[in-house]
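Undergrad: only geometry, no sequence info:
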């Protein structure tokens, strides 16, 4: 079974600073996908960024980038120039085959607070 | 409407009530999912409908019953729930590719359920 570990329950960062949210994963599948989602207090899970296991380049989406270190099985999310609106829960997830279909396996999440 | 919508956003019910949660996706996807998010626990997959086939998650109690009348609509019927079923219920959708792989899952805003 696959497993996602997020070791930072909470992070506090000053506005405009960069922040790195940690994620490590465990899988025996050679092909896998890793996702980061943001969940504001409203509850909706907002897709941020995706990294495939065979992707040669680290994924980037605007201020979000994924520091993918395959040998270390880590997929850390980097947010550059943080903004007050970045305050939310952040979840790392891995796609897993499930009875012929696919599902996401989520980590425990990291609560990010951006201070003005 | 765009994306994935869920109604109601908030629901309070007694243990003897019967209620239903509704999800609708406007993304043209062919797979839909129900996830449960309890306090201090990672998101857990409850049910998947992929290419119009239902994939069971055997750990879900029978008091939860899904229904997928077409590829755009998903329901979760609730009956004789317990207080520990209080949680945020999230619906998601994705596109299943011809090779069986799936693209990114997009989530709705969730229904926050309280069982008294």
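TA: Received, thanks. What you see is a predicted model, and the numbers here were worked out from it, not measured in a lab. Numbers count the residues shown, from 1 in each chain, chains lettered A, B, ... in the order given.

Undergrad: alpha carbons only for contacts and neighbour counts from here, please
TA: OK.

Undergrad: near chain A, which residues of chain B show up?
TA: With CA under 8 Å from any CA of the partner chain as the criterion, chain B meets chain A at residues B:40-45, B:48, B:50, B:55, B:88, B:90, B:100-102, B:104-110.

Undergrad: if I pick residue 88, what's in contact with it?
TA: Assuming you mean chain A. Contacts for residue A:88 (CA atoms under 8 Å, 6 or more residues apart in numbering or on different chains) come out as A:38, A:39, A:40, A:41, A:111, A:112, A:113.

Undergrad: hmm, I had chain B in mind actually
TA: Contacts of residue B:88 by CA under 8 Å, 6+ apart are A:43, B:36, B:37, B:38, B:110, B:111, B:112, B:113.

Undergrad: what about whatever residue of chain A ends up closest to chain B, which SS state?
TA: Scanning chain A for proximity to chain B using CA to the nearest CA identifies residue A:44 as nearest, at 4.0 Å. Following DSSP: H, G, I helix; E, B strand; the rest coil, residue A:44 is assigned to coil.

Undergrad: might one say that it is in contact with residue B:109?
TA: Yes. Counting by CA atoms under 8 Å, residue A:44 does reach residue B:109; the two are 4.0 Å apart.

Undergrad: quick one: contacts of the helix or strand bottoming out on mean pLDDT in chain A?
TA: Every helix and strand of chain A was ranked by mean pLDDT, DSSP states H and E. The lowest is strand A:101-106, at a mean of 86. For strand A:101-106, contacts defined as CA under 8 Å, 6+ apart pick out A:2-4, A:91-97, B:42-45, B:48, B:50, B:55, B:100-102.

Undergrad: give the burial count for residue 82, as a bare number.
TA: If you meant another chain, say so; for now it's chain A. Neighbour count of residue A:82, defined by other CA atoms under 10 Å in any protein chain shown: 21.

Undergrad: wrong chain, I was asking about chain B
TA: Residues near residue B:82, counting by other CA under 10 Å: 15.

Undergrad: same thing with residue A:75?
TA: 25.

Undergrad: and the longest strand seen in chain A, which strands flank it?
TA: Taking DSSP state E as the criterion, chain A has its longest strand at strand A:88-98. The strands beside strand A:88-98 in its sheet (DSSP bridges) come out as strand A:33-39 (antiparallel), strand A:101-106 (antiparallel), strand A:110-115 (antiparallel).

Undergrad: nearest to residue B:25, of those?
TA: Nearest of the strands paired with strand A:88-98 to residue B:25, taken as CA to CA: strand A:101-106 at 17.4 Å.

Undergrad: chain B contacts on chain A?
TA: Residues of chain A lying close to chain B by CA under 8 Å from any CA are A:42-47, A:50, A:99, A:101-109.

Undergrad: how about chain B: which residue is closest to chain A?
TA: residue B:109 (4.0 Å).
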